[in-house]
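1. Following is a predicted model, sequence given first.
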Amino acid sequence: DQQVKQNSPSLSVQEGRISILNCDYTNSMFDYFLWYKKYPAEGPTFLISISSIKDKNEDGRFTVFLNKSAKHLSLHIVPSQPGDSAVYFCAAGVHARQLTFGSGTQLTVLP
Amino acid sequence: EAQVTQNPRYLITVTGKKLTVTCSQNMNHEYMSWYRQDPGLGLRQIYYSMNVEVTDKGDVPEGYKVSRKEKRNFPLILESPSPNQTSLYFCASGHRPRGAGEQFFGPGTRLTVL
């Protein structure tokens, strides 16, 4: 039973437009949510996080939104750039002990 | 340079032949963990360690062992590898209190078990 789901395996967006990546979770105990980005042949790199006491966190072009009632997390990238093309994983954890990852979404930003 | 290193990067082995994948970090992080990545399944946690001599099972620990005798090292041991352990493995570390949150990942080890 997947506790963290990314239902879109892939997403294509035009350069300069907004990319919206979505993630749903089922475990209401999760208190910390993150997004990681992964390029081929590299390990994932941390992108942005949000705790369960907030509903929005921004870092430059990246914004994460948390809707606890819907158990839904999203990552907005504005404006999208070709260098953003990568696999994006959402993850959720409890008390900073374990992380549960989604299956990933391949984002392709078209020039 | 702050980094997590894994060795080997690529390994082909046969069923039943014990192997160890090493992981080392130079950031003085308390938290370390191992993940495997499989198509369609994302990253699944195998084991994690909150500090020296403290280890715990993740979501898929069967067939694996770990040890944390020193802060910087967290080796992954496959006592009797089987083909279903063919995967891409990542080691990661993080600083408490975030711990499992903002982790730094190694470059990965591609393991094939024949």
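-> Yep, that arrived.
2. C-alpha from now on. contacts and neighbour counts both.
-> Will do.
3. Find the closest residue to chain A in chain B.
-> Going by Cα to the nearest Cα, chain A is nearest to residue B:42 of chain B, at 3.7 Å.
4. Now do the contacts for the residue nearest to that residue when sequence neighbours are not counted.
-> Using Cα to Cα, 6 or more residues apart in numbering or on different chains and skipping the chain neighbours, the partner closest in space to residue B:42 is residue A:103 (3.7 Å). Residue A:103 makes contacts with A:5, A:6, A:9, A:89, B:40, B:41, B:42, B:43, as judged by Cα atoms under 8 Å, 6 or more residues apart in numbering or on different chains.
5. Could you measure from the second one over to residue A:44?
-> Computed as Cα to Cα, to the nearest Å, the residue A:6 to residue A:44 distance reads 16 Å.
6. One more: the first one?
-> Distance of residue A:5 to residue A:44, given as Cα to Cα: 18 Å.
7. Tell me which residue in chain A sits closest to chain B.
-> For chain A, Cα to the nearest Cα, closest residue to chain B: residue A:103, 3.7 Å.
8. Which pLDDT value goes with that residue?
-> On the pLDDT scale, residue A:103 is placed at 94.
9. Now list the buried members of the contacts of residue A:103.
-> Buried by 16 or more other Cα atoms under 10 Å in any protein chain shown: A:5, A:6, A:89, B:42, B:43, out of the contacts of residue A:103.
10. Any regions of chain B where pLDDT drops low?
-> The model of chain B has pLDDT under 70 over residues B:96-101.
11. could you pull out the strands for it?
-> B:4-7, B:10-13, B:19-25, B:31-38, B:42-51, B:54-57, B:65-66, B:76-78, B:87-94, B:104-105, B:109-113 (DSSP state E).
12. Can you tell me which of those strands is packed in deepest?
-> strand B:87-94 (a mean of 26; mean count of other Cα atoms under 10 Å in any protein chain shown).
13. Mind listing the strands that strand pairs with, and their directions?
-> Paired with strand B:87-94 in the same sheet, following DSSP bridges, are strand B:31-38 (antiparallel), strand B:104-105 (antiparallel), strand B:109-113 (antiparallel).
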